[in-house]
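>>> Here is my input, please return the structure:
(one chain, ligands or ions: 2)
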Amino acid sequence: DAAKTELKERIKRLLVEQHAVLVAHYYVDGDLQALAEETGGYVADSLEMARFGAESDAQTLVVCGVRFMGETAKILNPEKRVLMPTLEATCSLDEGCPADAFSAFCDAHPDHSVVVYANTSAEVKARSDWVVTSSIALPIVKHLHERGEKILWAPDKHLGRYVQRQTGAEMLLWDSACVVHEEFKGFALERLRRLHPDAAILVHPESPDEIVDQADVVGSTTQLIKAVCELPNREFIVATDEGIFWKMHQLAPDKRLIAAPTAGEGATCESCAHCPWMAMNALQNLEQVLQRGDQEIQIDEAIRQRAVIPIQRMLEFAR
Ligand code: 13P
Ligand code: SF4
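Ligands and ions are numbered 1, 2, ... in the order given. The predicted model follows:
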């Protein structure tokens, strides 16, 4: 409608005035993803968001996603201003891994290499040897396992168990989960698969075992989008945040996409997998932060200098 078009035009002008670029995750609102693409920004998974931020020559990065994504951008680009539509957008994994308790866990197991998922605070990253995202976790842990290293893994227990099963590595797992993916139900997925026997099952590895075990493809958001484009199937059942459908529809408009069930029989919501923190990003607060500059990521320099090492290690490995 007209008001939304005007709002988008105002945001575009603000981006130019402030030499700012949008970096958006696939789970945010489709309007934000479209705007990022129309204005020379980027829509991506968390590994690619980190890479893009480091390669862009914009003075200001506006990260549409959740807090850890903004922090990673700042850790890699201390000279840039990193804004977010709201700094309140956190993540249950980040919340579930407080730095003090995590540090004590590491101290108790000094003979383990510390591998942390990107969905963590700068403080937790600063305590780690490696940072990984879902797209690169398997090859990195496989590499460490082949070198004979024992691994302390945090915070996502589901992704940790998936990686452990795939690589055979010796891993101690922190006990936390993504509130969105944890809601997928194995028995309901089995029933849905019987109704769609030709559908390929795409699963993000933050999902529980009972979902991962039914997958044709397990991967990061980018890897799942690629599967929709490349597999010959006409139908897909997708077990991840529904925000991803915007990009899947854009790249493969003729494919049928079905949301994996988050609830069992009798429940009213069968497709409500949507991250409440990703949903905090909107055109309105994006305009506001560009006007006010208030939602700016700040990171203590001593922590940043330690956190950048394991992130750079990941980016080097992924090259
Ligand atoms: P990706 O790295 O696959 O984009 O995942 C990030 C995330 O937060 C998934 O819930
Ligand atoms: Fe965190 Fe889950 Fe939201 Fe991703 S979907 S940001 S893992 S709470």
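>>> Contact residues of the stretch 101-250 of the chain facing ligand 1?
Counting by Cβ under 6 Å from any ligand atom, the residues of the stretch 101-250 of the chain close to ligand 1 are Asn119, Thr133, Ser134, Ser135, Cys178, Glu206, Ser220, Thr221. Placement of C-beta: from N, CA and C, glycine included.
>>> Contact partners for the last one?
Contacts for Thr221 were tallied using Cβ atoms under 8 Å, 6 or more residues apart in numbering; they are His25, Tyr26, Tyr27, Asp45, Ser134, His204, Thr240, Ile244.
>>> For the fourth one, which residues are in contact?
So the one you mean is Asp45. Asp45 touches His25, Tyr26, Thr133, Ser134, Ser135, Ser220, Thr221, Thr222, Gln223, counting by Cβ under 8 Å, 6+ apart.
>>> please redo it, this time with the cut-off set to 7 Å
Going by Cβ atoms under 7 Å, 6 or more residues apart in numbering, Asp45 touches Tyr26, Thr133, Ser135, Ser220, Thr221, Thr222.
>>> show me where the stretch 151-300 of the chain has strands.
Counting by DSSP state E, counting those that start in this stretch, the stretch 151-300 of the chain has strands at residues 171-173, 200-203, 217-218, 235-239, 256-259.
>>> Dump the C-alpha coordinates for the lowest-mean-pLDDT helix or strand in the chain into CSV.
None of the helices or strands of the chain scores lower by mean pLDDT, DSSP states H and E than helix 46-55, at a mean of 88. C-alpha atoms of helix 46-55 as CSV (Å, rounded to 0.1, in the frame of the first residue of the first chain):
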residue,chain,number,x,y,z
SER,A,46,24.7,-16.3,9.7
LEU,A,47,28.1,-17.3,8.2
GLU,A,48,27.5,-15.3,5.0
MET,A,49,26.2,-12.3,7.0
ALA,A,50,29.5,-12.3,8.9
ARG,A,51,31.5,-12.5,5.6
PHE,A,52,29.5,-9.8,3.9
GLY,A,53,29.9,-7.4,6.8
ALA,A,54,33.6,-7.8,6.7
GLU,A,55,33.8,-7.3,2.9
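>>> Now it: buried residues?
Going by neighbour count (16 or more other Cβ atoms under 10 Å), the buried part of helix 46-55 is Ser46, Leu47, Glu48, Met49, Ala50, Arg51, Phe52, Gly53, Ala54.
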